[in-house]
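> just to be clear, the model below is a prediction. Sequence and coordinates:
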Amino acid sequence: MTNTPVYLKPNVIVEPLINQWYAWSYLVSPATAAMYVTKSHLEMMESFVVAPQVHRSALKNPAMIGGPFINYDESRVGGIKQLLARTKTEQARLINLAKSIDKLEQILNQEGTGYSLEPLYKKVPDPLKGYVELVYDSYNNPSIRFIERLLYHSPYYNPQNQSIALSLENPDRRSFVLSTPRLPSVQNLHINIPFKAKKLDRLLTMRHTARSYAEIKDILAIKSHQEALFSSFFTEEVPRTTPKYEGEGVRVRYFGHACVLVEAAGVSILCDPLISNENPTGIPRYSYGDLPPHIDYALITHNHQDHVMLETLLQIRHKIGTVVVPKSNKGLLVDPSLRLALEYIGFTNVREIDELDNIHIPGGKIIGLPFLGEHGDLNIAAKTAYLIQLKERSILCAADSNNIEPKLYDHLYDLFGNLDVLFIGMECDGAPYTWAYKPLLSVTSARKMAETRRLDGSNAEKAIKLVQRFAPEQVYVYAMGQEPWLKYITSLNYTEESRPIIESNQLVKYCCNHNIISKRLLGREEMFLEEGIRGSSLRSNHLLVRDQNSDSRGDTEMGSTKEKSINEFLGELEALDIKLRLDGDRLRCNAPKGVLTPAIQGELKARKPEIIAFLTPAKTQANLKAEAVLDPSIIPPNPYKIASEPTKIFLTGATGFLGTALLYDLLKQTSATFYCLVREETPEGAREKLCNRLKLHYAWDDSFTPRIIPLIGDLSKPLLGLSQEQFERIGKESEVIYHNGAWVNHTYPYSRLKSTNVFGTQEVLRLACEGRTKPVHFISTISVFNPTDLSEKRVIKESDELDPEELPLGGYAQSKWVAEKLVTIAQERGLPTSIYRVGPISGHSKTGLFNPHDFLYKLIIGYVHLGSAPEGKMLLDILPVDYVSQAIISLSKQSETLGKAFHLIHTNPVSSDLLFEQLEAMGYGIERISYEQWYNKLLGVAKSSPNHPLYPLVPLFSAARSDDASTKSFNLKFDCYNAIEGLNNSTVSCPAIDRNLLKTYISYLLENGFLSPLNNN
């Protein structure tokens, strides 16, 4: 390879580092770098050295991934110790600078009382002398103005602290980088090189231009012991490149997150550059090979780490003509100059743009528009939205703009008129502003205060107002951090229940209802706008649009002229977070402000009788008994053989709380490959969801990856949503089935849950009889039993049949009752089955990890928030999820268990008094009041507090509690002989419900922000 022309492999990761930490703009500017090194890096490293296990434990919780926790295990303590010591020595100047900034701010706070600041210059700490100006604002509040360019010429800016790390890591599996220093390893090569060095460009142009291996090795001074790893980053294979766009009109390409490429003949504009490396196994994407040979303008919207991506900018620096950045406040610590930072790392043409400034380009203009929000109310000017006017078309890249003042856009509309295309971010939850800016703050805000000041964008209501004002033809939600290659910089992990997803769904639906092309972007997208013709054609590749008939909970259009089924209509309302419930014979509705449009209100009124009838629970046994009919064609082929060590296992519900535990324990205890049925858009997205849940909650092993085969499907569809060919193939290859999947909702009626829970079970049984006979392990619930006369039956045996005269209460339990009946019918036809009736599942007994939708946890959090709980004792019979998973697997691996049912219940339940005692012991005193008083408080929650933890549980409580409620819970007993016998010789045992277990659970809630910490002064 020595003299052979080679290219940099397209999957090589090139991480820029400063002091071995992932480089971002606030680590470049000397004053901000001093604060982050001192108040963030040093503190994290010192904490890790003392208690590495605390960091590892915290990172098992997905909510903590973006927190101040180093992502190494105990084996790297030595490396962190060395880096800590070296940092204290080599960065002593920066540390002293940070201390001096703190000291000067204290002096100003104490002595800057409105009189002249001139006498205070004598008190400026020596490291700051000559680098600052002391100033007042118009309210006589003193502050420091840094002479920032002078600081770059001081010893405080040292390019020798800069380096790059090369690796071949999968771009979709990179761990969060901002809280973990990059230690050298056998997988990555660190090269000390200032970012400004031209030889860095020589390396990075090799993504598309060949250079001899010997030359680049000599340029970078690669040592002999580094060469084996260094050589692995190059290839002789000619990479894919993309020519300059010379087509008609305007081409727009979405590269992921907020990165949008706008091209026309004669000009190319790249907004918020953030490019993924190639990954053939991941979701479709554009990568570096899809960029044009030259980028005339690179636009930066604001100075956050996911918008000023030095990793991308340095790799394409040689392609960029001009970098356009927003103008900052001069010399303000929290708002350093982005222009200076880029110039001092080697960008030669950086242009600042102010509000309503414009840059003339061939065929149009780039205009800077005001950008509100996203910065926690800090006085930060370095932020702008970009209006790109090109070929008489207008495209607004609004990034994370928060429309907190709609009048602003009225003024802008008067200047610029309608838009053709609007790109807007809707990360409307956002972290508290202290997440990003805490090291720079003179005074840290109280937690409650910080919670109100968030790094957030527009919600649906605000975004819709923006759409109404500018009347765009196309609206796209971007910058949501959903692409798998962004997790290393955003740490975001959304679910369908996440508020940003719900809010963006509402915007998309609103636009579709008003004939506006709209979607939430993911991965890549390409659009073409014809020149100067509003209403012109748009071609879109990789369009991720659900079929209207494919999912009753999917992305269907409200107000469609097509007649919708009641299930479809309720699914649409659910996607809009509109909640319906019955209060006696009255229909109650709760909805976010602004969502109940006149069209929806009209449809609700017109269909009210139908909705009430649909939501009314079944009142007769005959109604439910008639549902328990299994398709007569579902008959197992005979004879059959049960595999003692199955190699292919089919699993449903693997993304749920218990399902994730089952998948993990099955992966650990078997060598099988797993077909996992997942409701997702793409196999890549499904794999990401499955793997992420395992990685976040359990000990991940890379050997798991090839053993997990995601299947895009849906329990509510024929053949589980699989093609006929897929269904037959999986039927032939699978050797055992674990059916854990279900739609768990205790407020919905049977009719709403039937398609998933009953029809889905029938299709699973059909699969069990397809190709070869396979045992089915069906996970059910003890709620399928509901004796009406406690005096006649106090103990329910595992062998007891489901009595058609004693139907359970609630739609979910009824759907499982019918599903279990179908399993029993299949068993009578010769299909080997086992049924596991599980009691209330609680969190993990070791970590406290819990299902955020769990009833008990919502109650605990709700009791604390409300400060009260109803009097009376209830049975606490919870089962840790790790015990349930291990018990099911242990029993299922025993051939003699087939044909049996098992009650997985706690044999030693306790009174709920123990819970309140433990809460009190931890400082959370809960007032016990009458049920009537408590219920009145609950009604207040229902009327005014939709974010309260108890809000989702309101429909589960009635105005009057039955007198025998507590008696029933203590007297109703379940025999569990089969389960005890089956687990007798195993290592599986159920943890006791004691103070230690409850402390684990409550501590988890406290540590993860579900409960507020107490001030014990």
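Noted; the coordinates are in hand.
> how about low-confidence regions in the stretch 851-1000 of the chain?
When residues are selected by pLDDT under 70, those of the stretch 851-1000 of the chain lie in 941-947, 951-956, 958-972.
> where do the helices of it begin and end?
Chain-ordered helices for the stretch 851-1000 of the chain, with DSSP state H, counting those that start in this stretch as the definition, fall at 855-866, 881-892, 913-921, 931-944, 965-971, 977-983, 995-1007.
> check the gap between the residue lying closest to residue 862 once chain neighbours are set aside and residue 495 for me.
Nearest residue to residue 862, sequence neighbours excluded (Cβ to Cβ, 6 or more residues apart in numbering): residue 950, at 3.6 Å. Every C-beta, even on glycine, is put in place using the N, C-alpha and C of the backbone. According to Cβ to Cβ, to the nearest Å, residue 950 and residue 495 sit 21 Å apart.
> which one's more surrounded, those two?
residue 950 (20 against 10; other Cβ atoms under 10 Å).
> now the strands for the stretch 451-600 of the chain?
In the stretch 451-600 of the chain, the strands defined using DSSP state E, counting those that start in this stretch lie at 474-478, 517-520, 525-529, 579-583, 586-590.
> strand partners of the third one, parallel vs antiparallel please.
Next to strand 525-529 in the sheet, as set by DSSP bridges, lie strand 250-256 (antiparallel).
> how about the second one?
Using DSSP bridges, the strands paired with strand 517-520 in its sheet are strand 474-478 (parallel).
> per-residue confidence for the closest residue to residue 590 other than its chain neighbours?
Setting aside the residues directly before and after it, residue 590 is nearest to residue 579 in space (Cβ to Cβ, 6+ apart), at 4.5 Å. At residue 579, the model reports a pLDDT of 72.
> biggest helix in the chain by residues?
In the chain, assigned by DSSP state H, the helix with the most residues is helix 92-111.
> how near is the most centrally placed residue in the chain to residue 700?
Geometric centre of the chain, nearest residue: residue 493, 1.3 Å, by Cα atoms, centre = their mean. Taking Cβ to Cβ as the measure, residue 493 falls 15 Å from residue 700.
> again with residue 276
Distance of residue 276 to residue 700, computed by Cβ to Cβ: 22 Å.
> please say which of the two ends up with more neighbours.
Counted by other Cβ under 10 Å, residue 276 and residue 700 do not tie: residue 276 has more neighbours, with 25 against 16.
> quick one on the thing from earlier: next, format the strands of the stretch 451-600 of the chain as TSV and append distance to residue 248 and mean neighbour count.
Below are these laid out as TSV (distance: least, Cβ to Cβ, whole Å; neighbours: other Cβ atoms under 10 Å):
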stretch	distance to residue 248	mean neighbour count
strand 474-478	18	25
strand 517-520	20	19
strand 525-529	8	21
strand 579-583	49	17
strand 586-590	50	13
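> I'd like those strands laid out as TSV, including distance to residue 813.
TSV is the format used below for the strands of the stretch 451-600 of the chain (distance: least, Cβ to Cβ, whole Å):
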stretch	distance to residue 813
strand 474-478	38
strand 517-520	35
strand 525-529	44
strand 579-583	17
strand 586-590	22
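> closest one to residue 857 among these?
Closest approach to residue 857 among the strands of the stretch 451-600 of the chain (Cβ to Cβ): strand 579-583, 19.9 Å.
> give me the sheet partners of that closest one and which way each runs.
Strand 579-583 is paired, per DSSP bridges, with strand 586-590 (antiparallel).
> CA atoms only: put the partner strand into CSV for me.
Extracted C-alpha coordinates of strand 586-590, given in CSV (Å, rounded to 0.1, in the frame of the first residue of the first chain):
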residue,chain,number,x,y,z
ARG,A,586,-71.9,11.2,29.9
LEU,A,587,-69.0,11.6,27.5
ARG,A,588,-66.1,13.6,28.9
CYS,A,589,-63.3,15.0,26.8
ASN,A,590,-59.8,16.4,27.7
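> which of the residues in stretch 801-813 are classified as buried?
For stretch 801-813, the neighbour count (16 or more other Cβ atoms under 10 Å) marks 802, 806, 807, 808, 810, 811, 812, 813 as buried.
> how close does the first one get to residue 899?
Spelled out, that is residue 802. According to Cβ to Cβ, residue 802 and residue 899 sit 16 Å apart.
> so which residues of the stretch 301-450 of the chain form strands?
Taking DSSP E, counting those that start in this stretch to define them, one finds strands in the stretch 301-450 of the chain at 320-326, 350-353, 358-361, 364-369, 385-390, 393-397, 421-425.
> returning to what we had before: nearest approach to residue 718 belongs to which of the helices of the stretch 851-1000 of the chain?
helix 881-892 (27.2 Å).
> list the helices and strands that closest one packs on?
helix 657-669, strand 736-739, strand 776-781, strand 833-838, strand 841-842, strand 901-904, helix 977-983 (3 or more Cβ pairs under 8 Å, 6 or more residues apart in numbering; DSSP states H and E).
> which outside residues touch the second one?
Going back to what we said before, that points to strand 736-739. Applying Cβ atoms under 8 Å, 6 or more residues apart in numbering, the set of residues contacting strand 736-739 from outside is 643, 646, 649-653, 662, 666, 761, 764, 767-768, 774-779, 888, 892.
> list the buried residues of stretch 95-106.
Buried, per 16+ other Cβ under 10 Å, within stretch 95-106: 95, 96, 97, 98, 100, 101, 104, 105.
> so who does the fifth one touch?
Spelled out, it's residue 100. Neighbouring residues of residue 100 by Cβ under 8 Å, 6+ apart: 125, 126, 127, 128.
> I'd like the distance from whatever helix or strand residue 690 lives in to the chain centre, please.
Per DSSP states H and E: residue 690 is located in helix 683-697. Distance of helix 683-697 from its chain centroid, counting by Cα atoms, centre = their mean, to the nearest Å, is 11 Å.
> which positions in it come out as buried?
Within helix 683-697, the residues that qualify as buried are 684-697, counting by 16+ other Cβ under 10 Å.
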